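In: Just to be clear, the model below is a prediction. Sequence and coordinates:
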Amino acid sequence: MTSPIELLPDSPENRELEENVHPPNWVNPEPAPCYNLVVIGGGTAGLISAAGAAGLGGKVALIERHLMGGDCLNVGCVPSKGVVSASRAVHHARNSAKFGVVDGSGLRFDFDTAMERMRRLRADISHHDSARRFRDELGIDVFIGQGSFSGSDTVEVAGKTLRFKKASVCTGACAAAPPIPGLEEAGYLTNETLFSLIELPPRMAVIGAGPIGCEMAQSFARFGSSVSLIEMGPHILGREDGDAAEILHRAFIREGIDLQLGVKIIEVETSGSDKILHLERDGKRIDVTVDAILVGVGRAPNLSGLGLEKAGIKFDKTGVAVNDYLQTSNPNVYAAGDICFPFKFTHTADALARILIANALFMGRQKVSALTIPWCTYTDPEIAHVGMYEGDAKEKGIGFTTLTVPLSDVDRAVLDGESEGFARVHLRKGTDKILGATIVARHAGEMINEFSLAITNGLGISAIGKTIHPYPTQAEVIKRLADAYNRTRLTPFVKNLLSGWLEWQRG
Ligand SMILES: Cc1cc2nc3c(=O)[nH]c(=O)nc-3n(C[C@H](O)[C@H](O)[C@H](O)COP(=O)(O)OP(=O)(O)OC[C@H]3O[C@@H](n4cnc5c(N)ncnc54)[C@H](O)[C@@H]3O)c2cc1C
Ligand SMILES: NC(=O)c1ccc[n+]([C@@H]2O[C@H](COP(=O)([O-])OP(=O)(O)OC[C@H]3O[C@@H](n4cnc5c(N)ncnc54)[C@H](O)[C@@H]3O)[C@@H](O)[C@H]2O)c1
């Protein structure tokens, strides 16, 4: 029987979540003689591979040591986007004077209500990932406990041995801890503890300006924290298109975020309840004093206690090694999700799990390298991307043309007061083939799909040009890119030809 875990704060919402994703007093089933698939890890990758395999008639065991739903549901996408939506609401309520809202700037914000809403919605959503649903509706043997390989075709969990034909390692990743002197002693938050806060820290340092750092720095600043965002690289979202990140940089400055870029954190000092971060930039010392520190400096794979050596599965500090078919060095063991893939997203964990089912159970030959993967950072504005960046095309020696349309050219964005942004596409030189695209817009994540669909299905930008987009929508910006492409085809020669024809028609 499982023992209860402590989900903080102790609230009706969190008790409901626990009931779904780590039911107290859960009794593990008696193992079947042999499973088609044993899945270790019940996050997105594990849940999709288990549900898919069972749905196709397989005998499946799913092992989760902590919370079904993994990071995404419990301490990742779901709570973070709950926080983002609250921060957007308060920001717009406060900044709507131009729409005629009176006295919005003085609005009070209740952190507790916003966090409780997030926890309520997380508990509601958790039903999908619940242990009982996986057992009763999907017919999967759900084991709660630490899964560990004991041989090339066996896994141990809670004192039981599970024999498998195929296994999948879907154990995900957790927050990496930077080796900063004094940080451990000062204490810090990660994505695992942030969403348990019941009081808003008046002053907060966020270490790392990747997606986690940027989304949370902006949200907590909008809630009213005095936020310092500390990044060792020279830019926020260093991997994104530079112009896109620059727009967000300007928004952060406008919203009062103290941006400390290109700095080294020398040490963290504790003085009473103050945490003092000693930074250095170009030989100059900068001190930042806060009440709380959030760390978002990347992820470390969950490898410990897995017994990978006993099953002959190779791994390194980035995770489990897989080939293009997601097969590990043990031909009967596959992996999917954050444990084995550099693009750590829920939608990639999902896509990889589907490949895993086909390849592991049905002799498929689906390749991970064939995937087209979009992503989006849910700041305000959002930055969404798919395919190649300019740098990727240059590195590969591919000739390309770049087209950009600012949102200020799009009526709906102007009317919404959301015209700070753009859509950009890189096309293979002399063709309409889309190599990559970036969109900066309030709902860029919703808009990027048109490009993903086009790239995945080999449609050029001319296909987008032929497609009617409703007026007025912000997504018209993508049609505008196609119009811009068509204009590039109007060479002086073609123009002369057309005007000659029209002149002849006039008689
Ligand atoms: C703050 C934050 C925000 C994010 N926002 C987004 C977003 O907006 N969009 C997006 O696409 N992605 C987002 N992500 C990334 C996304 O959460 C991950 O990419 C996704 O959860 C990966 O799924 P997974 O199944 O590979 O791993 P996980 O979700 O980490 O699941 C792995 C599971 O395995 C279990 N486990 C580990 N070892 C064992 C073992 N030995 N035995 C049994 N069980 C084990 C763990 O307890 C865990 O439940 C975010 C991440 C964070 C941290
Ligand atoms: N919207 C989304 O899809 C979303 C949101 C959040 C997280 N995620 C996923 O989670 C993963 C992890 O996100 P993340 O933001 O933690 O990692 P990240 O690796 O994307 O960014 C970490 C940042 O921290 C900086 N950094 C590292 N060490 C530092 C130090 N000692 N001092 C200062 N800066 C330091 C790095 O330069 C980098 O800019 C992402 O790769 C992403 O896949 C996705």
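Out: Yep, that arrived. Ligands and ions are numbered 1, 2, ... in the order given.
In: who's in contact with the spatially most central residue of the chain?
Out: The chain has residue 345 as the residue nearest its centroid, 4.4 Å off, counting by C-alpha atoms, centre = their mean. With contact set as C-beta atoms under 8 Å, 6 or more residues apart in numbering, residue 345 has these partners: 373, 375. The C-beta positions use only the backbone N, C-alpha and C, and glycine is treated the same way.
In: again, but for residue 233
Out: By C-beta under 8 Å, 6+ apart, the residues touching residue 233 are 209, 261, 262.
In: and it, how far is that from ligand 1?
Out: Distance of residue 233 to ligand 1, computed by C-beta to the nearest ligand atom, to the nearest Å: 19 Å.
In: Could you do residue 142 as well?
Out: 11 Å.
In: what do you get for residue 144?
Out: Per C-beta to the nearest ligand atom, residue 144 is found 9 Å from ligand 1.
In: Next up, the contacts around that residue.
Out: Residue 144 makes contacts with 2, 22, 23, 26, 28, 63, 64, 65, 131, 158, as judged by C-beta under 8 Å, 6+ apart.
In: OK, contacts around residue 83?
Out: Residues near residue 83 by C-beta under 8 Å, 6+ apart: 114, 115, 118, 195, 216, 219.
In: How about the residues of the stretch 301-450 of the chain by ligand 2?
Out: 344, 345, 375, 376, 377, 378 (C-beta under 6 Å from any ligand atom).
In: of those residues, closest to residue 96?
Out: Of all these, residue 378 has the smallest distance to residue 96: 20.8 Å, by C-beta to C-beta.
In: The closest one: neighbour count?
Out: By other C-beta atoms under 10 Å, 23 other residues sit near residue 378.
In: Was I right to think it contacts residue 84?
Out: Yes: with contact defined as C-beta atoms under 8 Å, residue 378 reaches residue 84; the gap is 5.2 Å.
In: Among the contacts of residue 233, name the ones in helices.
Out: Of these, none are assigned to helices by DSSP state H.
In: Tell me the residue of the stretch 351-500 of the chain that sits nearest ligand 1?
Out: residue 378 (5.8 Å; C-beta to the nearest ligand atom).
In: From residue 279, how far out is that residue?
Out: Distance, residue 378 to residue 279, using C-beta to C-beta, to the nearest Å: 27 Å.
In: re the thing from before, residues contacting the residue of the stretch 351-500 of the chain closest to ligand 1?
Out: Here residue 378 is in contact with 80, 81, 84, 211, 215, 445 (C-beta under 8 Å, 6+ apart).
In: how's this structure carved up into domains?
Out: For the chain, the structural domains run 12-174+300-370, 183-297, 381-488, going by automatic domain parsing.
In: Mind putting those into TSV with distance to residue 495 and mean pLDDT?
Out: Supplementary listing: the domains of the chain in TSV, determined by distance: least, C-beta to C-beta, whole Å; pLDDT from 0 to 100:
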stretch	distance to residue 495	mean pLDDT
domain 12-174+300-370	40	97
domain 183-297	30	98
domain 381-488	10	98
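In: Export those to CSV and append columns for distance to residue 496.
Out: Below are the domains of the chain laid out as CSV (distance: least, C-beta to C-beta, whole Å):
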stretch, distance to residue 496
domain 12-174+300-370, 44
domain 183-297, 35
domain 381-488, 16
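In: and residue 358, which of the three is it?
Out: Secondary structure for residue 358, judged by DSSP: H, G, I helix; E, B strand; the rest coil, is helix.
In: between the contacts of residue 144, which is nearest ligand 1?
Out: Nearest to ligand 1 among the contacts of residue 144, with distances taken as C-beta to the nearest ligand atom, is residue 65, at 3.7 Å.
In: need the helices for the stretch 301-450 of the chain, in chain order.
Out: With helices called from DSSP state H, counting those that start in this stretch, the stretch 301-450 of the chain shows them at 346-361, 390-395, 411-416, 444-447, 449-456.
In: So which elements touch the shortest one?
Out: It refers to helix 444-447. strand 382-387 (3 or more C-beta pairs under 8 Å, 6 or more residues apart in numbering; DSSP states H and E).
In: Look up how far residue 230 lies from residue 286.
Out: For residue 286, the distance to residue 230 equals 9 Å [C-beta to C-beta].
In: circling back: would you mind checking the contacts of residue 378 for buried ones?
Out: Among those, those buried by neighbour count (16 or more other C-beta atoms under 10 Å) are 80, 84, 211, 215, 445.
In: any idea how far residue 489 is from the residue nearest to the first one when sequence neighbours are not counted?
Out: Ranked by C-beta to C-beta, 6 or more residues apart in numbering and with sequence neighbours excluded, the top spatial neighbour of residue 80 is residue 215, at 5.9 Å. Per C-beta to C-beta, residue 215 is found 40 Å from residue 489.
In: mind listing what the residue of the stretch 401-507 of the chain found nearest ligand 2 touches?
Out: For the stretch 401-507 of the chain, the residue closest to ligand 2 is residue 445, as judged by C-beta to the nearest ligand atom, at 8.0 Å. Neighbouring residues of residue 445 by C-beta under 8 Å, 6+ apart: 376, 378, 382, 384.
In: go again using 6 Å as the cut-off
Out: 376, 382, 384 (C-beta atoms under 6 Å, 6 or more residues apart in numbering).
In: Check those one by one and keep those near ligand 1.
Out: Of the entries in the contacts of residue 445, none also sits close to ligand 1 under the rule C-beta under 6 Å from any ligand atom.
In: could you dump stretch 439-449 to PDB, C-alpha only?
Out: The C-alpha trace of stretch 439-449 is given here as PDB (Å, rounded to 0.1, in the frame of the first residue of the first chain):
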ATOM      1  CA  ILE A 439       6.000  34.800 -34.500                       C
ATOM      2  CA  VAL A 440       5.900  37.400 -31.700                       C
ATOM      3  CA  ALA A 441       2.300  38.100 -30.700                       C
ATOM      4  CA  ARG A 442       0.000  37.900 -27.700                       C
ATOM      5  CA  HIS A 443      -1.200  34.500 -28.900                       C
ATOM      6  CA  ALA A 444       1.800  33.500 -31.100                       C
ATOM      7  CA  GLY A 445       1.400  29.900 -29.800                       C
ATOM      8  CA  GLU A 446      -2.000  29.600 -31.500                       C
ATOM      9  CA  MET A 447      -0.700  31.200 -34.700                       C
ATOM     10  CA  ILE A 448       2.500  29.200 -35.300                       C
ATOM     11  CA  ASN A 449       0.500  26.000 -36.200                       C
END
